[in-house]
Each structure stands twice: as C-alpha cells, then as structure tokens.
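**Q** no sequence for this one, just the structure:
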C-alpha cells in the first residue's frame, strides 16, 4: 500500500481524491498514449440550447408579461431574494447556485426548514399588508409572491396558503370586524399561526356530512366543541401537527335541539409554549409522498369550550341568549357561503398547477435541445431529441396547452381579485373547472416531461420527478377533481333547464352562443383546420350538443321518477364530457381575445399555439368522432396538421419556455450544462 | 396548573396522554351529557368490504392460481417470511403488522436496510441455486421469489435484479465456463457483489453510442479500460455507490487499430475492505424520487487494466496474441447478442409492473367498498364509493386490463423460461411491447387508485402513492418505453415487407391472420358487443390495416429516397398506433385461450372482464373511429355497454382482488379497518 492509499484510508477529502485520480490518469497515459490515441472518438460536447434555436423570432419580454400577467419585476425580486439566501440554496455546482429544499431530509427536518424560511420571508416584509391592505394592487402582489414561493417548493406555498388563505381567509370572509381586529394583524406577523379544520377522517369532499358538533351552552355563553367518534377526528389539518396555535374548526351547530348545519368557530389549540390546550388531542399524520414540509395533523376535541364571539358570524350568528339568526334563510345557500374560503384556494391552485407545468416544460425542452440520441444513418451525428417528430409530438402540445391555460388562469385571477357579489357563480364554476383541468394537466405534463428526460427526470435535483409527488395532492384537495367536474356540469344543466323552463335565453357562463342557431361547420375542401372560426364553432357545437343530450337524458330519467341528482349520477359519462367541453371552450375564448390584443410576431406564434391546442384536443378526445362533430377524414387530416404545427413551433420552443421567466437556479442542472454539472471537477 | 399539566410538561408518554385525555373527556361529559345527547348523529362505522360483497360467486383459489401462474405456496411462504421478520416490519397498528420500508429514512439508511434484508434472505437460503441450478423448476421459483420481494419494496427487487439478473445474467449468458466457474457460486453467496455498467451520462437507450473504450495491450495480455471524457462516465449504476465489488463494464473494443463495437468486460471496483480499486473513481448519484434503497453511482475508469480472460467471450473473443474472433460476423447481430441480459430484465419488469397494479387495485377497491361519500337524498345513508357508476368506471376497467395483462405476463414468463434460440425474435418483440404497455398501465393505474383513495392515497403507509414514485423508473430503464414501442413496429414492418418481397405468407408474431381475407364485421342489429369473435376480428382488422398503411407510407417515403429509419421516424404516429394494435391483439388472444380453459363461474367472470377490457379500449382510443373500424353509432352503444359491464362486475370485485393473494399486511391500513387503524387507542 502506498502513501496515497493510506491517505485514502484516513478518509481523504474530495479535493485529495480529485488530485490523486488525475495523477493516476496522467501517469497511466504516459506509457499508453500511443495505443489510446489511435481510435479516440470525438467526445460529446454540451452545446447550449441557444445554438439549436433561432434568436429574436419573438418578443420574449412581451411574452413574459403575458405569461405572468402582472408584477413581473416583483417576481424577479422574489426569485433573487431566495436565490441569494442560504436557507433556500440546495447546492452550488461549478459556480451555479441551485435553489430548492433537500427532499432527502426526513419530514421532521423538512418542516423545520419550511418554517424557518417563512420567518425569513416575514422578516423581509413580504407578508406586510397581506390581510390588512385591501387594495387591488396588494392583492395582485400577494398572488405574485405566492406564485414565486410555490415555485421554490410546494410545502412552502401550502404552509403559507393554509395560514393566510384558509385561516386568514376564513377569519376575514366568514368573520366580522371583531374577528378582524383581533386576528388579522397578528396573523400577518405570525404572532398567531392558524390552521383550518374542515376535513375529517370520515368526510372529505362531502363537507356537509362532517360529524364534529358545536353545542351552544347559554348558561356560560360558550360553544362546546366535541369530536363524538373516531371518524369525526379532524384529518390532514396543515399546521396542526407542530406549529399552529389556532384553528378554524368546522362543526355542525347544535342549538335549541336543532342542527343548524355546518358553521365555523375559532379555537385555540396550543399555548405560547407550544403545549396542547386542554381538551385538544393532536396526532401527526406522518410521512406523505410529497409536501413533507407541511405538518399535517389529526385533531380530536374533547368538549372544548370557546366563547360565543368565536363563531365566525358574517353569515349566521347566535345571540348571547342562544337564538340562532342568519341573513341567509336557505340552508343550502348558507352552506355554500361557508365554503367561500375554498374558492380562493381553487383560484390559487389553478394558477400554481400551471406554473409547475411551465417548470417541467422549461426543463424538458431545454434538455431536449441539448441531448442527442441515435444517428439516423451510420457516421452521422446523433439527432437532438427535439428534432424527432415524436419528441415534438410529446412536448409541444403540452406547451401549447400550458400557454392557453396560463392565459385563462390569469383571467380568473383578475375576475377573482376584482370580484363583486354577482361574480360568485362564475367564479365558482370557473375555479372548479380550471382547478380540475389544470391540475390534471399539470400531473400529466410533469409525467411526460420526466419520461422525456429519461433517468435524469428521476433525480430530485432536477426537480421534475419530485414535482409530481409534491403536486399530486392538488388533484384531490380543496375539492376532488372528479367531484368538481360533476359540480360544473350540474351547474350548467341547472342553468339550461331553468332557462328552458322560464323560456328565457341563457345568460352568463359563456353559454349565450347556445341561444342562436347551431353553428354550421365549413365542409369546403379548401377550409383550414387553423381557422379560428372553425375551431370555436366546433367547440360551440360540442358544448351545445352535449348540454342538450345531457338535458334530454336527465329529463327522461326524472320523468321516470329519478331525482336530478340520481339522473346525473347515472349520466356521468355525458356529464364529464360536458364539463370538459365547457372548460375547453371557455379557455379557448379567453385565448382568442389574448391573441387579438397581441402584436407583431408574438401574435403569429400565439395563433400557432392556439391551433395546436385545439387540434390536439380534437386528436386525443374520442368525443368529437363519437358524436360526429368531426368526420374520420378530418380526424386523419388533423394528425398531419399537428405534425406540421409541431415542426413550425419547434424553432420558437426555447423562446417560449424562456418567456416563463424562471431563473436557471430554479430549474435544476439538466436545464443547463449537464455535462459540466456532472463532471469530476464539480464533484 | 394541575398535576396532569405538570406531568405533560415533563413529557408524558403516549399512554399517559391517552389516559388523561379520556379522563378529561369523561369528566366533561358528566355535566353536559344532557345537552350533547340531544342531537347526536349515529357515528360512521367501518363495515368490512365483505359486507358489501356477495360471497362464493367465484372460485378464488382457482383464480389465484391463474393470476400467479405458478408456485402459489412458495409465494405465501415468502410473504410470511417477511411479515414475521422485524427487518421487514414497518409498524404494528392494533395487533396488525404492516410490512414495508420506512420511506421517511434518508437514502443512506434506506440503502443500509435494503442490504441487511438481502443478507437475511440469503441466510434463509432463498437464493440457493439462483444461478447454478438450471432446471425449469428453479427458474420459476426464482421468478416467484422475485415477484414477492418486489411487492415488499422495489429497491429490494432492483438491488437483487442488478446482482442476479444483470451482473449474474451477463456472466452466465455473455461469459463462458471459465467465468461461470469463477463467479456464479460466489455471486449466489454474495461473496462478490456485482453491478452492471452499460449506461453513460451521454448515452442511455442508444447503447451503441457509448464512449468508454477498452483497448487490448498484447504486451501484457490485458484490456485497458478508459473513460475518455466526462460524457462517458458510467451513470445510474445500481450498487456502484456503496456495495458492489465487481462490474460488467460495456465498452467499445479497440484492437489492432479497429473499433469492434460494444463488448462486455469484468472489472473489480472495490477490494474486500470496500475501498475503491486503483484507477476507479466513483461518485454517488444522490437522491431520487424513488428507489432510494438502491445505491446508484457514477464510475470513471482511468486506464484500468483487466486480464484478457475478463472479456465475456460467448460471442466474440480476443486471443492472447491479440486477434479478434467472433462466431457472429454481422456487427448488428453481434451487438444484439450483447443486449441479451436486458431481455430477461424486460420480462421481469413486465411482470412486476402488473403486480404493482394489482397492489394498487386491491387497496383502492377494498377502500371503495368501505368508504362512503354523499347521500343521494336527504336523510339517506351515504353511498359506497364503488356503488357510484363513475367510480366503477374509474377502477373496474383497470381491473379488467390488469387481469388480461397478468395472463399475458405469465405467458411471457413461460416462453422465456423454456426458450430455445428460435424464440429470440418473439421474446424480443413481446418483452419490449409488454414492458412498455404494462409499465405505462401500472403508472396510470396507480395514479387513478391514488386519486380514488383521496388524501389517504398520499400517505406512504398506504403504499399506492409511494408506489408511483418507486415504479416510475420502469418507464425508461432497460429500454425507454417509447423507443421500445418503435422497435416493435420496426420489427413488424420488417416482417411484413420481407414477406411481401419474398412472396411468402407471414409466419410468427401472431401475424398469420393477415394472410387470409380481411375479417368481415357483423353489421347485424342483433350482434353483441360482447361476442369474442367480433372483438378479435376488430383487433385483427385494426392490426392488418395499420400495418398496411404504415407499409404503404414507408414504401412511399423510401421510394423518394428516405431510409427506412427516416421513414419510420416521420411516420411515428402510425407506428405507435401499430405497436399498440399488435400488443393489444396479442394479449387478447392469450386471454381468450385462458378463458377457454377456465371452468365454472370463473369462466363467466373472465368473459365479462375480457369484454370490459376490449370495450374500454374501443372507448378510449380514437384510432378505431379515425380509421372507421367502428361507426360513431357503435361507439355510443359501447359506452352504454361499459356501464352495464361495470355494474355486472361490481359484485365480484372483492373476490377479484382477493384472488391476487396479497396478505393484508402488504396492503396498508386503508385496505382494512381504517377507522380502527386511525383511532386514538392505536396512536
């Protein structure tokens, strides 16, 4: 054993290892160079994606403005803030910083770091005015900040979302002045840490069925909150397992021998020292496939007494004497009002799902512009992944969909921020349908992106694969996607049947097109599949036809004695098709108006993306052929057109993902020089 | 502060917490019972799935024999072995043991425990004869054992697969007697630990492009293995980061100034003390989204010298004097022979993908038979998830597909174990197409199952969600699924064009049906969508038509000067459709023969499953309407029929997942009494 070997045994440093191995390499080469140099093939080199792209074809600044919608500079500031702070840095490779949490940490550590990051951001003033400044400007700023923080890590986004949107939102929108005065500023400052206890072990989507009971005791002017059985334990309560001090707890309100339905109450669950309050039992939900930086917990209430003023009373109240009063007499409407904080959640989730798709696509497309595989003929260089038509077909339609959905998400944000009471129906329907469609789109996009990156997609450093696990929860929380889509078609059918019954034209939800005659689709040989009038007419035709089919089916079943609910349950396939038809038509209309306002080359590329979006839906969804909105011949022509569109969009692909505005530190090594990042000198 | 509080401050035990809280609860109740009892709703109770199922409708023992195919008793022994050993136990909840690794452990610990489990299993004699006993019986036993171990954890399966199938398989099938004598017994005994270094940073699927070089030095009768550049570093090498002592390294063989292409060599990388051998640099691949129990590493070779006899020489050899000799003169065929160990891998992966789908479905279906959500009318009990037609439509088609694919996987196993050289083409095509189809099916199935279980699907204890991350790797390793599917259609088109050219009928790969006249589909009003003749005729029609369309397209393009490779690249949509058409026809034919041999009620339920499998494909894949194999009218009728089939299969669903034979300890708490498992007394 030589000196080197004994140094190694003593546990040599990385620097030592590099030096010794290089020395080894050099000394070996001296006497073999003659043999080795004979056949040396030229080594693979990394060429940046820019070298495989045409520059200046689109206006990236304007496109980014379109994608982010608002507060572009603020976003850059927030990204920079994180990239320059150690708490957010995962590692440095060859001078490049990569941000991100360390997903190899046990959940206990991930939670700790998430909380530390929140304190850091609070101290930087990021949450100032979040609940107490009601200007539109602040509302948009808040959304921009949350967009960026969730790009760092979903746990960070959710931990903040629970505290500000669910707890803070419930206090603000379900509470009244007394609650605002008492809680909002303290929430902004993290003097109190809030959580939101709606879901139980036995009831998730069906909130109306929750079993927790709050009984009013007029003798002490208190509500007694009780978990009457194991299935009533509050479950998945973010923040409950470790950090939260207060909770908005949803319970059946029992008063004067009557159940008045679900109401929301504030209760304290931990004291200043972090000890459980009396009568509150809490258990950790444990390890999850993602979101391990969020401390989800289970809570049991053992007749916990809270003062009468802790009822969040914007909708209904209990007088100190024990009389129940409500401004909304219909129990169904009253129940709906209590779910309002979830709507804000769905708006944010829709937006955040799309941002994650962007992250996945930015990574996979940059990689596909630098990674080669297989030569088409011997001795030719290997082909760039994105030059394969099949690889274009995998990624570019997802890019087109992401562009369209991104514009729709921004539109929904605007409606939400500037909402008036008359917008509540459209916000409910759009936030439900977008949340379902965009989050499913996100998971499918991330899956395709991960596969398109091969094994590299599985390294957590490269983000994409891990994002799937982190964002999977979006498909079922704050409304299971399938249930939400059913609610959309339920709302549509109600709208339609009411208008029929009243003999009045449809108004709202974008259904006005149904009042006119059915669209006539051109059957000219010369017509273009890229014609926007053809495209929107086809979507109108589908929505109208499916709505009528579903209405007919429901009417048939109800005339035989079924309830409308039963009839919809039995017609779930049509109802689902209708939900998609509505959503896709809605987002296409928004995109058309965005395209109209765009200028220069961006306008043209948006038109290409819009056509790809539409044609890919026509290609993938059998509904168009099943109900004969399209002929088989058209369907075959569409496949050809998709190939053409993909090859036309290919040169713009880098600029299109650059327009998402992510700093490279947020993308992971495969989006940059992955040979350099993996080289020995950077070990 | 009372005595209880001070006990709590001192850090009371879980037992104490339970007692104190119960006391609290009881004392509170004494003076409020009157109020509280007034409105108490009956609590949710857990009713086992058996109560929502009809017993005895099918013969579960016979069905399990069909599903597992072989060695049913051995499987139970292996399950029991694990369930009764602490190393495999994750936790005990209320007397029930749950097995599984702790996915909250950092990867370093997951790897350690995986290795400890392997030593335990070795000591129990499970691997005796794995490489040295060539009987069919032992080959099946081996497959059964690996099926069961991968049910415990994919890392365990892969760590064994790398050692026995890749390293051991390469030594056995690429090596000759001298290698067998030297390595096989030591491998079985884990005296050596092997790994398999094919993939490089710059080349995965395109093995032919790897850059590692082995140059023969006749003066010392050694090969000099060299990593000439960073992109040539061996990447993802399972076992390399920590445990492996030896490697089969794939390199370009340079000899006498000529590159003879990819060959495999044995090299030692660590000594008995676990230190890197001279000239070998190894770096950890780090944290991944799953498979963290496998120590993937990166390897650089700095002119490492290995003796001439370390060339695995079953196909080609280098004489001591430095002459290259090969029994296969065509370099393409020679290259193919070197990939043989991957075929075994694909067979195992196909089977294992299906077993995971079974695990997901067993869990999601048992949960759907015990979990209720929403009442259809006020004051009615909530409805069981699996009684919703939409929930049936989500899960039961996946169950039907899993049944069909399971039979096909078993069939492939048999062909593989009893293979002769003439089977190599069919094994290549089937293992490629099944691997792609079954692993995609698995990830989609697990995703749907996770969503169908709501938030519970995200808890790692409940397995399903975690399985997605653990098994995602199957989609791209040992052949990227998209590349494999392209290879399938490439093989089919070659077969077809050769038969045309030679004027001979097609023979093999199940394509004989194309030699006859095209099938005529009944257009009778009275025909049944469940008729097996209709179903298989439709699949034959599709395969024949797509093959002819693709052949026509390829011929057109090649007549204009394209190479066949280019033509296939440009026709990727048709090629992909053809790959699926081939695979679905192949597995339907196998299932029809299985159904024919079945007896009694099992035969009838298999027929229902087969019809559901076929009709769901017809419903989901637009290809049937695009090329007019089906009419829109039929397509609409198919949707109705699927609903009927689902409701007919619903009563059998529990028996169908029980037939998978998993002990409840392998399924996670939501598959059993999840209210009990979550109750306070089991905290």
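**A** Looks like it came in fine. Remember, it's a predicted structure, so these values are computed and weren't measured experimentally.

**Q** What sits closest to residue A:614 if chain neighbours are left out?
**A** With sequence-adjacent residues excluded and distances taken as Cβ to Cβ, 6 or more residues apart in numbering or on different chains, residue A:614 is closest to residue A:535, at 4.5 Å. The C-beta positions use only the backbone N, C-alpha and C, and glycine is treated the same way.

**Q** Just give me the neighbour total for that neighbour.
**A** 21 (other Cβ atoms under 10 Å in any protein chain shown).

**Q** Give me the phi and psi angles of residue A:223.
**A** Main-chain torsions, residue A:223, degrees, to the nearest 10: phi -100, psi 140.

**Q** Quick check: residue A:204 touching residue B:457?
**A** No - between residue A:204 and residue B:457 there is no contact under Cβ atoms under 8 Å: 11.4 Å.

**Q** More neighbours: which of the two?
**A** The neighbour count for residue A:204 versus residue B:457, taken as other Cβ under 10 Å, is higher for residue B:457 (31 against 23).

**Q** ok so that one is a strand residue?
**A** No - Residue B:457: not assigned to a strand; according to DSSP: H, G, I helix; E, B strand; the rest coil it is helix.

**Q** OK, contacts around the closest residue to it other than its chain neighbours?
**A** Of all residues not flanking residue B:457 in the chain, residue B:450 sits nearest, at 3.5 Å (Cβ to Cβ, 6+ apart). Residues counted as contacts of residue B:450 (Cβ atoms under 8 Å, 6 or more residues apart in numbering or on different chains) are A:472, B:360, B:364, B:457-458, B:464-465, B:468.

**Q** Return the members of the residues you listed classed as buried.
**A** A:472, B:360, B:364, B:457-458, B:464-465, B:468 (16 or more other Cβ atoms under 10 Å in any protein chain shown).

**Q** can you tell me which two in those are farthest apart?
**A** Spanning the widest gap among those are A:472 and B:364, at 14.8 Å by Cβ to Cβ.

**Q** can you confirm residue A:265 is in a strand?
**A** Yes - Residue A:265 forms part of a strand when assessed by three-state DSSP.

**Q** now it, which residues is it bridged with?
**A** Residue A:265 has these beta-bridge partners by DSSP bridges: residue A:249, residue A:311.

**Q** Any idea how many residues pack against it?
**A** Neighbour tally, residue A:265, other Cβ under 10 Å: 25.

**Q** Quick check: which ranges of the stretch 451-600 of chain A have low pLDDT?
**A** Across the stretch 451-600 of chain A, residues meeting the criterion (pLDDT under 70) sit at A:523-526.

**Q** how does it look with 80?
**A** Within the stretch 451-600 of chain A, the ranges that satisfy pLDDT under 80 run A:522-527.

**Q** next one: chain A
**A** Using pLDDT under 80, the flagged stretches of chain A are A:1-43, A:338-342, A:378-379, A:522-527.

**Q** Tell me how it divides into domains.
**A** What automatic domain parsing lists as the domains of chain A is A:194-341, A:342-504+A:525-665.

**Q** chain center to the helix or strand hosting residue A:252, what's the gap?
**A** Using DSSP states H and E, residue A:252 sits within strand A:246-255. Remark: strand A:246-255 is offset 29 Å from the chain centroid, using Cα atoms, centre = their mean, to the nearest Å.

**Q** Which helix or strand contains the residue nearest the centre of chain A?
**A** Central residue of chain A (Cα atoms, centre = their mean): residue A:353, 2.2 Å from the mean position. Following DSSP H and E, one finds residue A:353 within helix A:340-368.

**Q** Give me the helices and strands touching that helix, please.
**A** Applying 3 or more Cβ pairs under 8 Å, 6 or more residues apart in numbering or on different chains; DSSP states H and E, we find helix A:340-368 packed against helix A:136-152, helix A:169, helix A:389-417, helix A:424-452, helix A:464-471, helix A:653-658.

**Q** Show me which positions of the first one end up buried.
**A** Of the residues in helix A:136-152, those with enough neighbours to count as buried (16+ other Cβ under 10 Å) are A:138-152.

**Q** phi, psi of residue A:307?
**A** Dihedral angles for residue A:307 - degrees, to the nearest 10 - are phi -70, psi 150.

**Q** what number of residues lie near the closest residue to it other than its chain neighbours?
**A** The shortest distance from residue A:307 to any non-neighbouring residue, by Cβ to Cβ, 6+ apart, is to residue A:222 (5.9 Å). By the criterion of other Cβ under 10 Å, residue A:222 has 17 neighbours.

**Q** Same question for residue A:509.
**A** 17.

**Q** Of the helices and strands packed on helix A:340-368, which stretch is the most buried?
**A** helix A:464-471 (a mean of 27; mean count of other Cβ atoms under 10 Å in any protein chain shown).

**Q** So is that helix next to chain B?
**A** Yes - using Cβ under 8 Å from any Cβ of the partner chain, helix A:464-471 reaches chain B at A:465-466, A:468-469.

**Q** Run the angle between that helix and helix A:136-152 for me.
**A** 120 degrees (axes from the mean of the first three to the mean of the last three Cα atoms, to 10 degrees).

**Q** What lies in contact with helix A:464-471?
**A** A:103, A:153-155, A:289-291, A:352-353, A:356, A:359-360, A:363-364, A:439, A:442-443, A:446-447, A:449-450, A:453, A:457-460, A:668, B:288-289, B:465, B:468-469, B:472.

**Q** with the buried ones among the contacts of residue B:450 in mind, which one is nearest to residue B:515?
**A** Comparing the buried ones among the contacts of residue B:450 against residue B:515 with Cβ to Cβ picks out residue B:360 as the nearest, at 40.3 Å.

**Q** was I right about the closest one contacting residue B:445?
**A** Yes - using Cβ under 8 Å, residue B:360 makes contact with residue B:445 at a distance of 5.4 Å.
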